[in-house]
Each structure stands twice: as C-alpha cells, then as structure tokens.
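> Turn this into a structure:
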Amino acid sequence: MKRFLALIVIVAVLLCLPANVLAQRTMILASTTSLQDSGLLDYLIPQFQKKYRITVKTIAVGSGKALKMGENGDADAVFVHSPKKEGRFMSKGYGANRITFMHNYFVISGPKNDPAKIKKVKLAKTAFRRIARKRSIFVSRGDQSGTHMKELEIWSKARIKAGGRFYIQSGLGMGATLMLANQKNGYTLCDESTYLAFRKRVKLKILFSNSKDLMNKYSIIIVNPRNSKAVQYDLAKKFSNWITSKATKKKIARFGKKKYGKALFKIDKF
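The predicted model follows:
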C-alpha cells in the first residue's frame, strides 16, 4: 500500500512539472543508418540512458539527411560519416563541436562468381570501371548519405558518370540497399560493419576490401544551440563526452568480436 501511494505521489509530481523541464531529459540523435544496422547504437545507447537517466531518441537516416536535421535544429547531436559535408556543416556554424574518433572501411560486395572480375584489382576506381564495362548491376544508396558520397567520389575518380539501365538507386538505408543488391544479384558499396551484420541474410560476398582510399571515418557533432532554441546542448554534450570517453571507446573497439570474429569499428589513434 505504501509503495502504491508513493507511486501516486511521483506521478503527481511529474504531471505538475512544466513540459519544458520534462523535455530536457530527452535528446534527439540523428545518425547514419550503418550505426543502426550494425547494432552499435542498440548496444551503446541503453548504457548511456541507464547511467545518466537521459532518453535518447535515435533517428537513423543517411548522413546528408542527419546533417540537414542538425541545420534545422531538429536534432541535438548527429553521428555521421561524411567528412566533406561535415566540414561545410561546421564552417557554416551549424555545429558547436565535432569529434572524429572511429572508423571502419567501405567494401564492394557482389555475386560470388564476380562477373566483373574485381576481386584481384588494387584500386576501387578500377573495380568500378570493370563493373561499368561489364554492365553489371550496381545498386546505389542514391540518398546523399556518406556511403553515397563516397560512391560518387569513386565514380568520379574512375571518370565514369554513374547511371543507365544497370545502375539502380535504392533511396534506402545501408541494410536495405544491401538486401536489394542481393535480390538483384548485383554489386554495391557498403560499410563493412553493415555487411557483417547482414552476411547470413545475403549471398553476396566481399570482393574488394582493405583499401586505404575506402577508409570510413565517423564523427559525433553537437548541434550549435545558437541556431535553434530547441537544441538540448547540455544533454548532447553529455552524450558526446560519454561516447568519446576512454571507457566507451574500449567497448566500441570490442563490439562485434564475439559474434563476427572481428570488431566492426576501430578507434582512431590520436
């Protein structure tokens, strides 16, 4: 009976609190889909929420859309992997603080029989040239995400304009794009962490990997509160400090080892 009465008192107190006070305990994190699809956010965020009693509402979209949310003040922090766009975001004053602290690699996955014969090439641009010349199906994110930007960069280096009958733009997240490429028995550019998380669901194989020009860097950015009064700067700062702390970075460096035999992300050396 006493516990029941105590619960009533707590509820009554919460109901009497101003809406803005309650809102201060919830932050919005706009994140690239690869961090969601890989399972990293599902692993980390509950730990942060338990420690600080701050609710994190995650919205997984491409990096381009995540940064746009930050520009509009619709997110308190963004967790992305599109260096050039991040640079513009910061230079225009949309970000209060940016920390680039972890990475993995992009890979090119495709059919096991590798019709474009890309497995033994040394450069990503050479692989893309072979895919184009063979007119093999290539599935692109096509969503202005960090992965899509890297893909367009490679096409540019290969001096090929992406498009045509064999070029499919999904407009979807990384996991869904990988599944579509699998359905079409085509090639796609994918971050290694998402591929490993989905590898039992697809027949596609990693055919090109471990290339220095395919390094995939991730940054956490706190949105500048000067651009929107709605930004929960203090909460976002707590999250940024926590996720880049030594203890959390150790957890990230171990994530995936038991399940996949290797860590899905590596911590940058400073």
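> what about Leu207, which helix or strand?
strand 205-208 (DSSP states H and E).
> Sheet partners, orientation included, of whatever helix or strand comes next after that strand?
Downstream of strand 205-208, the first helix or strand assigned by DSSP H and E is strand 215-223. Note on strand 215-223: by DSSP bridges, its sheet partners are strand 77-80 (antiparallel), strand 95-110 (antiparallel).
> CA atoms only for strand 215-223 - export them in PDB, please.
Output of strand 215-223 as PDB, limited to C-alpha atoms (Å, rounded to 0.1, in the frame of the first residue of the first chain):
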ATOM      1  CA  MET A 215      38.500   4.300 -45.000                       C
ATOM      2  CA  ASN A 216      35.200   5.300 -43.500                       C
ATOM      3  CA  LYS A 217      35.500   7.900 -40.600                       C
ATOM      4  CA  TYR A 218      32.700   8.600 -38.100                       C
ATOM      5  CA  SER A 219      32.200  11.900 -36.200                       C
ATOM      6  CA  ILE A 220      29.900  12.900 -33.400                       C
ATOM      7  CA  ILE A 221      28.800  16.500 -33.700                       C
ATOM      8  CA  ILE A 222      26.900  18.600 -31.100                       C
ATOM      9  CA  VAL A 223      24.500  20.900 -32.900                       C
END
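> Would you tell me what the next helix or strand after that strand is?
helix 233-243.
> what mean pLDDT does whichever helix or strand comes after that following helix have?
Reading on from helix 233-243 to the C-terminus, the next helix or strand found by DSSP H and E is helix 246-254. Helix 246-254 carries an average pLDDT of 97.
> which residues touch the following helix or strand past helix 246-254?
Counting by DSSP H and E, the next helix or strand C-terminal to helix 246-254 is helix 257-260. The contact list for helix 257-260, computed with C-beta atoms under 8 Å, 6 or more residues apart in numbering, reads Leu196, Ala197, Ala263. Glycine gets a C-beta too; all of them are placed from N, C-alpha and C.
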